[in-house]
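Chemist: Compute the structure for the input listed below.
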Amino acid sequence: MPDDRIAAALTHWGPRFTAQGVDPNDVARTIAGLERWADWLDAWCALGDLHAGLAREAEARGRRLTAGHAWVRAALAYHFAKFVWLVDLARHDAAEDRAIAALAAAHRCLDPTAERLEIPFDGAHLAATLRRPPGAARPPLVLVVPGLDSTKEEFFWWEQVFLDRGLATLSVDGPGQGETGRRLPLRHDWEAVVAAVLDALADRRDLDLARVGAAGVSLGGYYVPRAAAFEPRIRALAAIGGPLDFGALWDDLPPLTREGFAHHARARDPEEARARAARFDLGPVLGRIRQPFLVVCGQQDRLIPWRHAEEVARRAPRGELVLYPEGNHVCNNIPYKYRPLVADWLSEQLRG
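Modeler: Got it, this is the predicted structure:
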C-alpha cells in the first residue's frame, strides 16, 4: 500500500503527468510497487535515465527527431522526480540539473533556435527559455508562467501550442521556481519580475513587444494577473486554475503543497509560511486589470476551488470566465480543450 504522500501526488497531479507529455504506460510502470515517498525520486529518475539512453542512441544514429522527443520525455521524468519531493535537497537539485540538461538537448534536436536567457534580477538572475515560431520576423510574445511546483522544463508541448499559432514564447522560472528558486525565494509582487523580463527584451528586433500576452497556470494564475495590474506592457492575459486568495486556502491545501510553499518562500516555520501565503491575494488589485483577461477553471479542481475563478472573472473589469464542469486542477484532464482555447484567445487578442 503506497504511503499517503504517494497517494496524494497521484490524486492531485496524476493527469498533469500525462498532459505534459509523460506516457501513461510510463506512469503506471514507474509507480507500480512504489510504497515509500522516499523512493519517489529514484523511481522517476530511473525513467529519465531510460529515455536519456534512448535519446543518446538515436542521436548517435543521426535520428534527431526521435532523439529530441526522447530528451523531452527524459526532462519531464527528471522534473517530476523532484517537483514536490523535498526529502533530500542535494538529490532534488541534482534531478533538476538533469531536467535542465535534458531539455537543452531536446531544444538542440527539435528547436535549435531556442535560447536560454539569464535575466538580471535582484542580485541574481531569472532563468528563461525563449522560442520563436519559424518564418516569423517579429511575432507577438506570450510569457508562460509556472505555478508553485512547475518549471520551464515542464512546458515544451504547452509552448508548442502557442508556436503553432505564430506566437513566440518565453517560459520563465521566477523567484522560488525551478533553478531560479535556488537563488531567490517566492515573492508576491510579480510585476517586478515581468518588468525585468520585458526590460531585458526591449532591444530585440525579432519580437513584437507591442503585442505581449501572458498565461499562468495554478499559482502562475495569481502571478500573471498580479503583474498585469501594474504592468501595462501586458496587453492580454490568461489564468488557468489560479487562486483569488492563496492564503485563504492555506488550511485546506495538501501537506505537500504547504511544505513546498514554505520551502520555496524560505519560511522559518509553518506560521511564517502562512503569513507569507496571505500576501498572495488578488482582491486588492483586480480592479486595476484593464486588459482582456481570460479566466479558465475546472469545476472538479480539488486544489483551487472554482469559485475563486468565478470571483476573479467577476471582479476584473474585462474578465471572461470559462468553466469546464469536468475539469480538474488546471484542467489537465482535458488539455485538448483548454490549451487550444487559451492559445487561440491570446492570438486573437494580440492580433486584433
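
Chemist: where exactly do the helices run in this structure?
Modeler: Using DSSP state H, the helices of the chain run over residues 4-20, 24-31, 40-60, 64-82, 89-110, 156-163, 190-201, 220-230, 255-265, 270-277, 306-315, 335-351.

Chemist: Redo these as a markdown table? Include mean pLDDT.
Modeler: Converted to a markdown table, the helices of the chain look like this (pLDDT from 0 to 100):
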| stretch | mean pLDDT |
| --- | --- |
| helix 4-20 | 92 |
| helix 24-31 | 96 |
| helix 40-60 | 98 |
| helix 64-82 | 98 |
| helix 89-110 | 98 |
| helix 156-163 | 98 |
| helix 190-201 | 98 |
| helix 220-230 | 98 |
| helix 255-265 | 96 |
| helix 270-277 | 97 |
| helix 306-315 | 98 |
| helix 335-351 | 98 |
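
Chemist: I'd like to know which of these lies nearest to residue 324.
Modeler: Nearest of those to residue 324, taken as Cβ to Cβ: helix 335-351 at 6.3 Å. All C-beta spots, glycine's among them, are computed from the backbone N, C-alpha and C.

Chemist: most tightly surrounded among the helices of the chain?
Modeler: helix 220-230 (a mean of 27; mean count of other Cβ atoms under 10 Å).

Chemist: any idea how this protein splits into domains?
Modeler: Using automatic domain parsing, the domain parsing of the chain gives 1-109, 113-352.

Chemist: Quick check: end-to-end length of the longest one?
Modeler: Read that as domain 113-352. Criterion Cα to Cα, to the nearest Å; first-to-last residue distance in domain 113-352 is 27 Å.

Chemist: Report the distance from that domain to the chain centre.
Modeler: Offset of domain 113-352 from its chain centre (Cα atoms, centre = their mean, to the nearest Å): 7 Å.

Chemist: Roughly how far does the spatially closest residue to residue 254 that is not a sequence neighbour sit from residue 263?
Modeler: Of all residues not flanking residue 254 in the chain, residue 8 sits nearest, at 5.3 Å (Cβ to Cβ, 6 or more residues apart in numbering). Residue 8 sits 16 Å away from residue 263, going by Cβ to Cβ, to the nearest Å.

Chemist: before we move on, what about residue 214?
Modeler: For residue 214, the distance to residue 263 - Cβ to Cβ - is 25 Å.

Chemist: same check, this time on residue 320
Modeler: Computed as Cβ to Cβ, the residue 320 to residue 263 distance reads 35 Å.

Chemist: With residue 54 instead?
Modeler: 33 Å.

Chemist: for the nearest residue to residue 196 once chain neighbours are set aside, which residues make a bridge with it?
Modeler: In this structure, residue 196 finds its nearest non-sequential neighbour in residue 121, 4.7 Å apart by Cβ to Cβ, 6+ apart. Residue 121 has these beta-bridge partners by DSSP bridges: residue 124.

Chemist: so what's residue 121 scoring on pLDDT?
Modeler: pLDDT for residue 121: 98.

Chemist: Enumerate every residue touching it.
Modeler: Shown in contact with residue 121 (Cβ atoms under 8 Å, 6 or more residues apart in numbering): 175, 184, 192, 193, 196.

Chemist: Give the burial count for the second one, as a bare number.
Modeler: The number of residues packed near residue 184 is 21, by other Cβ atoms under 10 Å.

Chemist: Quick check: closest non-adjacent residue to it.
Modeler: residue 175 is the one closest to residue 184 (Cβ to Cβ, 6+ apart), at 3.9 Å.

Chemist: Surely the one you found and residue 123 touch.
Modeler: No. Between residue 175 and residue 123 there is no contact under Cβ atoms under 8 Å: 11.4 Å.

Chemist: Comparing those two, which residue is more hemmed in?
Modeler: Shown here are residue 175 and residue 123; by other Cβ under 10 Å, residue 175 has more neighbours (23 against 7).

Chemist: So what's the predicted local confidence for that one?
Modeler: For residue 175, pLDDT reads 98.

Chemist: again with residue 1
Modeler: At residue 1, pLDDT is 62.

Chemist: again, but for residue 33
Modeler: Residue 33 is given a pLDDT of 84.

Chemist: separation between it and residue 3?
Modeler: 13 Å.

Chemist: who's more crowded, the two?
Modeler: Each of residue 33 and residue 3 has its neighbours counted (other Cβ under 10 Å); residue 3 has more, 14 against 9.

Chemist: Next up, the contacts around that one.
Modeler: Counting by Cβ under 8 Å, 6+ apart, residue 3 has contacts 35, 36, 37.

Chemist: now those as JSON lines including neighbour count and distance to residue 158?
Modeler: Listed next are those as JSON lines, based on neighbours: other Cβ atoms under 10 Å; distance: Cβ to Cβ, whole Å:
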{"residue": "35", "neighbour count": "11", "distance to residue 158": "32"}
{"residue": "36", "neighbour count": "12", "distance to residue 158": "31"}
{"residue": "37", "neighbour count": "19", "distance to residue 158": "27"}
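
Chemist: got a markdown table for those, with distance to residue 156 too?
Modeler: Below are the contacts of residue 3 laid out as a markdown table (distance: Cβ to Cβ, whole Å):
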| residue | distance to residue 156 |
| --- | --- |
| 35 | 31 |
| 36 | 30 |
| 37 | 27 |
